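**Student:** Below are the sequence and a predicted model; questions follow.
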Amino acid sequence: MGLKIVPFKSSYAKRFKELNVAWLEKYFYVEPKDAILLENCEANIIDKGGYIYFAQYNEDLVGCFALLKMGKNEYELGKMAVDPNYQGLKIGQALLGFAINLAKQKRWKKLVLYSNTKLENALYIYKKYGFMEVAIEKNIPYARSDIKMELLIN
């Protein structure tokens, strides 16, 4: 499989938005916080200490995720999406594994994610990679979120 994980480039911003809007509109809707992050991902993620990576399959950008800085050594894993035409190839798992390895290399303490219990496949994979469900706070960033998970990095 010709899969590589590549870092964000400004020219990839449009694809980041396309990948995310596709899954959001399939399962939910684009919320105000999504719009802010997706309209100007460089200013609202990268420039604020975050990261964006893409799954490149052959020459196509087919998946992505973001790591949004929450605090010192703590990041939210979000905006993970895989093009429907490439699902079933374990690209999401490759992205998740990459994110966890990056967190370990950078000696972060914790990765946090917000999800929805109707996304059973995603939750299964998060648990498989060691994420544990934790109490969700009252003022959460997304209306669709009904579950919060954390992975403590050793």
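**Tutor:** Thanks, I have the structure now. Residues are numbered from 1 along each chain as shown.

**Student:** by contact count, what packs against the biggest strand by length in the chain?
**Tutor:** In the chain, assigned by DSSP state E, the strand with the most residues is strand 60-71. When contacts are defined as 3 or more C-beta pairs under 8 Å, 6 or more residues apart in numbering; DSSP states H and E, strand 60-71 packs onto helix 13-27, strand 51-57, strand 74-82, helix 91-105. Placement of C-beta: from N, CA and C, glycine included.

**Student:** Deepest in the core, which of those is it.
**Tutor:** Ranked by average neighbour count under the criterion mean count of other C-beta atoms under 10 Å, the helices and strands packed on strand 60-71 are headed by strand 74-82 at a mean of 22.

**Student:** so how far is that strand from its chain's centroid?
**Tutor:** Distance, stretch centre to chain centre, for strand 74-82: 2 Å (C-alpha atoms, centre = their mean, to the nearest Å).

**Student:** partners of it in the sheet?
**Tutor:** Paired with strand 74-82 in the same sheet, following DSSP bridges, are strand 60-71 (antiparallel), strand 110-115 (parallel).

**Student:** okay, the angle between it and helix 13-27?
**Tutor:** 80 degrees (axes from the mean of the first three to the mean of the last three C-alpha atoms, to 10 degrees).

**Student:** related to what we said a few turns ago, now the longest strand of the chain: average pLDDT?
**Tutor:** In this model, strand 60-71 has an average pLDDT of 96.

**Student:** Flag every buried residue along stretch 112-132.
**Tutor:** 112-116, 119, 122-123, 125-126, 131 (16 or more other C-beta atoms under 10 Å).

**Student:** can you check stretch 63-73 too?
**Tutor:** 63-68.

**Student:** Please apply the same query to stretch 35-52.
**Tutor:** Buried residues in stretch 35-52 (16+ other C-beta under 10 Å): 37-38, 41-42, 44-46, 50-52.

**Student:** and which of these is nearest to S145?
**Tutor:** Relative to S145, the closest of these is L37; by C-beta to C-beta it sits at 14.2 Å.
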